[in-house]
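Student: model the following, please.
(chains A, B, C and D)
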Number of protein chains: 2
Amino acid sequence: MVTLAEVARHAGVSASTVSYVLSGKRSISDKTRKRVRRSIRELGYHPNAGARALASSRSSIIALMVPLRSDMYVPVMMEIAITVSTTAREFGHDVLLLTDVEGPTAVRRVAGSGLADAVILMDVELDDERIPLLKEVGRPAALIGLPADASGLTCIDLDFTATGALCADHLADLGHREIAVVGEAASVYQRHTGFAERTLEGLRRRSDERGIKVIHRPCEGTYESTAGTLTRIFGERPGTTALVVQNEAAVGPLLSLLWQTGRAVPEDVSVVAICPEQVALQSSPQLTSVSIPAQEMGKRAVELVMAKIDGETPQELTLLEPHLTQRASSGPVLGTR
Amino acid sequence: MVTLAEVARHAGVSASTVSYVLSGKRSISDKTRKRVRRSIRELGYHPNAGARALASSRSSIIALMVPLRSDMYVPVMMEIAITVSTTAREFGHDVLLLTDVEGPTAVRRVAGSGLADAVILMDVELDDERIPLLKEVGRPAALIGLPADASGLTCIDLDFTATGALCADHLADLGHREIAVVGEAASVYQRHTGFAERTLEGLRRRSDERGIKVIHRPCEGTYESTAGTLTRIFGERPGTTALVVQNEAAVGPLLSLLWQTGRAVPEDVSVVAICPEQVALQSSPQLTSVSIPAQEMGKRAVELVMAKIDGETPQELTLLEPHLTQRASSGPVLGTR
DNA sequence: AACTATCGTTGAAGCGCTTCAATAATTTGC
DNA sequence: GCAAATTATTGAAGCGCTTCAACGATAGTT
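Tutor: Okay, here's the model as predicted:
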């Protein structure tokens, strides 16, 4: 391996000069800078990551922790992970992919060892056990998701309360009076992940204000469970004219089942989904949806930790404003008057 | 931060002793080992990753490179990534998540800088541009997928040729004489990713041997394209009694469409899928399938690079044997006699 | 012309660990 | 009981870089 010292010798300058050319932390004359750059190129020099980390006590690595048993839809997780990685690169950082097989103490390990300069936590639960550890190690961190107590933490998430309200408004505007929510698996609500409950709360409150009746049924997302959920919904509330779906896995089965049971979308039933753009676009008919801004969240999370690494103190809570895109699956109520 | 020297002082031993307790590379008396361990615990010591990497020239990091424009089904990618991460941890290593936004030279960067001890490449194409770089840097590496020229490389993949043959055999055994392949998007074949072509080749050859007619049509995986593909298949070959699907995205639409067009599965049409177990199980009816062994591939890839790091020379090519699980979607040909 | 700033460059210290060679302590063989 | 072999421990060198303090050289100020 070529070392900095060899580059220095080759360029006829001191080691520190090479270092400063690399970091740009001191002014270097154009002439020497070019000479050094040339030597670097000719020798194929790559600064040693370990030595750098040791000398500067910065690893240029961000740890990204994904919980194994996650409520997140896998493609969304992946999209966030990829975005985090590419955004981190723009800041000259790399991303360490951490799971919690070793338990939440993985946080302590990577932060305590100086392996990572910062930590990003994905899919944060209301009472997430990784949070105390995060505070203990005192490294810059950002959470994707919203814990019960976000004080002193930097969090980013979609504003799910507003999302729920937005769906209610959209359907109310179209004249719907009875709507049903096809939700996440029951376990998601039991584990109090937060986002599902916040959505429901926002939707219920706005529906109340606008005089709309709401029922909510969780759904596992399989064909069978979706069928059961639909049966129960239309059994208990035959007047239901719209469905809000917050469960990516249930989208496909749901549309199939509506078709099979002779309910036309959107003529008989309007469908609004809270899901990634792609799922909405790939469905038939294409779904009116509030999309999950995976890339935005990943990008912001990195920007936030980078700011913190640079000693800034960014705002604690970033709630991304939801946007509803109307597509073919929702329309005005017909024929019931 | 607590340093090794402080631990040594606290335990009343030399620094090297602490180091040897940590690494186990020299025998240490039970007494001192316990004392050192205790000091480590009491002081909350974590060895500094950078210093370790510098002194030992091993970073304990494996780079995992996922191409951005990937033919892989996202959940499979994620499953591999997670498995790689957890398996790496079992070997005391961490995983760096790399994309190719910075180009294939990312390989050079992480290997050249000593950031990573080894590299795992996902979703390798037949003529992958990352491969020359990999050879250049000379670090231990493993490829998930099979390039055109695998000589000198360590590759692991599902034996797709055998997979194709297995599907053909299964359907032949059930009495089918005309089958159709609903394949990946046309672009996948054009880009010569390999696995799709190998599947087709294995299936065609075995079908020839068993006197079965095969047609193959690519499919984008959307509702519309799947509908088009099916129409063409049954238009050109009305006698088709079985479908082999190698396209996760098309599975859902395909089943819906068969239902909608009045073709019962498996009575009228048998369906065999090449897809992750989960997709097969979540479909209705559950699909006879050859599963994509994502975890196995991830695990093996790590084991292979770890062996190489330890100076071993594992076999170049590992082709995982496919397994077909019969479920509700395939059955004997009925009524055509 | 003497003085202070600024710029460009450098030597040297040191980041925290691993590991070699050497030494000290203990066990073994006879 | 003593030499030899084995086991346990240590001091010191050094991994490749960053960065501080200091330097000479050039430019600006009066």
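Student: now stretch A:85-97 - C-alpha only, CSV.
Tutor: What follows is the C-alpha trace of stretch A:85-97 in CSV, where atoms were taken according to Å, rounded to 0.1, in the frame of the first residue of the first chain:
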residue,chain,number,x,y,z
SER,A,85,-26.0,5.6,1.8
THR,A,86,-26.0,7.8,-1.2
THR,A,87,-26.6,11.0,0.7
ALA,A,88,-23.9,10.1,3.2
ARG,A,89,-21.5,9.7,0.3
GLU,A,90,-22.3,13.3,-0.7
PHE,A,91,-20.9,14.3,2.7
GLY,A,92,-17.9,12.0,2.3
HIS,A,93,-19.3,9.5,4.7
ASP,A,94,-20.0,5.8,4.5
VAL,A,95,-22.8,3.8,6.0
LEU,A,96,-22.6,0.9,8.3
LEU,A,97,-25.6,-1.4,8.2
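Student: so how far is that stretch off the chain centroid?
Tutor: When distances are taken as Cα atoms, centre = their mean, to the nearest Å, stretch A:85-97 is centred 16 Å away from the chain's centroid.
Student: again, but for stretch A:317-335
Tutor: When distances are taken as Cα atoms, centre = their mean, stretch A:317-335 is centred 20 Å away from the chain's centroid.
Student: does it reach chain B?
Tutor: No - for stretch A:317-335, no contact with chain B is found by Cβ under 8 Å from any Cβ of the partner chain; the gap never falls below 11.8 Å. For every residue, glycine as well, the C-beta is placed using N, CA and C.
Student: in that stretch, which residues are buried?
Tutor: A:318-320, A:322, A:324, A:327, A:329-331, A:333 (16 or more other Cβ atoms under 10 Å in any protein chain shown).
Student: SS state for residue A:301?
Tutor: The three-state assignment at residue A:301 reads helix, by DSSP: H, G, I helix; E, B strand; the rest coil.
Student: tell me how far it lies from DNA strand D.
Tutor: When Cβ to the nearest atom of the strand, to the nearest Å is applied, the distance between residue A:301 and DNA strand D equals 25 Å.
Student: equivalent analysis for residue A:117, please.
Tutor: According to Cβ to the nearest atom of the strand, residue A:117 and DNA strand D sit 13 Å apart.
Student: pretty sure that residue sits against residue A:60.
Tutor: Yes - with contacts counted by Cβ atoms under 8 Å, residue A:117 reaches residue A:60, the gap being 6.7 Å.
Student: ok, those two, which is more surrounded?
Tutor: More neighbours sit around residue A:117 than around the other of residue A:117 and residue A:60, counting by other Cβ atoms under 10 Å in any protein chain shown; the figures are 22 against 18.
Student: Provide a list of residues in contact with that one.
Tutor: Counting by Cβ atoms under 8 Å, 6 or more residues apart in numbering or on different chains, residue A:117 touches A:58-62, A:93, A:139-140, A:309.
Student: from residue A:57, how far off is it?
Tutor: To residue A:57, residue A:117 is 9 Å away according to Cβ to Cβ, to the nearest Å.
Student: what does residue A:46 give?
Tutor: When Cβ to Cβ is applied, the distance between residue A:46 and residue A:57 equals 20 Å.
Student: just residue A:301 next, same as before
Tutor: Taking Cβ to Cβ as the measure, residue A:301 falls 23 Å from residue A:57.
Student: so which of those two has more stuff around it?
Tutor: Neighbours of residue A:301 and residue A:57, each counted by other Cβ under 10 Å, are more numerous for residue A:301; the result is 29 against 13.
Student: pull the worst-scoring helix or strand of chain A on mean pLDDT out as CSV, backbone CA atoms only.
Tutor: Within chain A, no helix or strand scores below helix A:186-190, which has a mean of 85 by mean pLDDT, DSSP states H and E. Listed next in CSV are the C-alpha coordinates belonging to helix A:186-190 (Å, rounded to 0.1, in the frame of the first residue of the first chain):
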residue,chain,number,x,y,z
ALA,A,186,-53.1,-5.9,15.0
SER,A,187,-49.6,-6.5,16.4
VAL,A,188,-48.5,-3.1,15.0
TYR,A,189,-51.1,-1.4,17.1
GLN,A,190,-50.4,-3.5,20.1
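Student: packing partners for that helix?
Tutor: helix A:195-209 (3 or more Cβ pairs under 8 Å, 6 or more residues apart in numbering or on different chains; DSSP states H and E).
Student: continuing past the helix it packs on, what's the next helix or strand?
Tutor: Taking DSSP states H and E as the definition, the helix or strand that follows helix A:195-209 towards the C-terminus is strand A:213-217.
Student: now do the buried residues in that following strand.
Tutor: Of all the residues in strand A:213-217, those buried under the rule 16+ other Cβ under 10 Å are A:214, A:216-217.
Student: from those, which is closest to chain B?
Tutor: When the buried residues of strand A:213-217 are ranked by distance to chain B (Cβ to the nearest Cβ), residue A:217 comes first, at 19.1 Å.
Student: show me where the stretch 51-200 of chain A has strands.
Tutor: For the stretch 51-200 of chain A, the strands identified by DSSP state E, counting those that start in this stretch occupy A:61-66, A:94-99, A:118-121, A:141-144, A:155-158, A:178-182, in order along the chain.
Student: buried set for stretch A:20-27?
Tutor: For stretch A:20-27, a neighbour-count test (16+ other Cβ under 10 Å) marks A:20-22 as buried.
Student: sorry, wrong one. I was asking about stretch A:42-54.
Tutor: By neighbour count on 16+ other Cβ under 10 Å, the buried set for stretch A:42-54 is A:45-54.
Student: all set, thanks.
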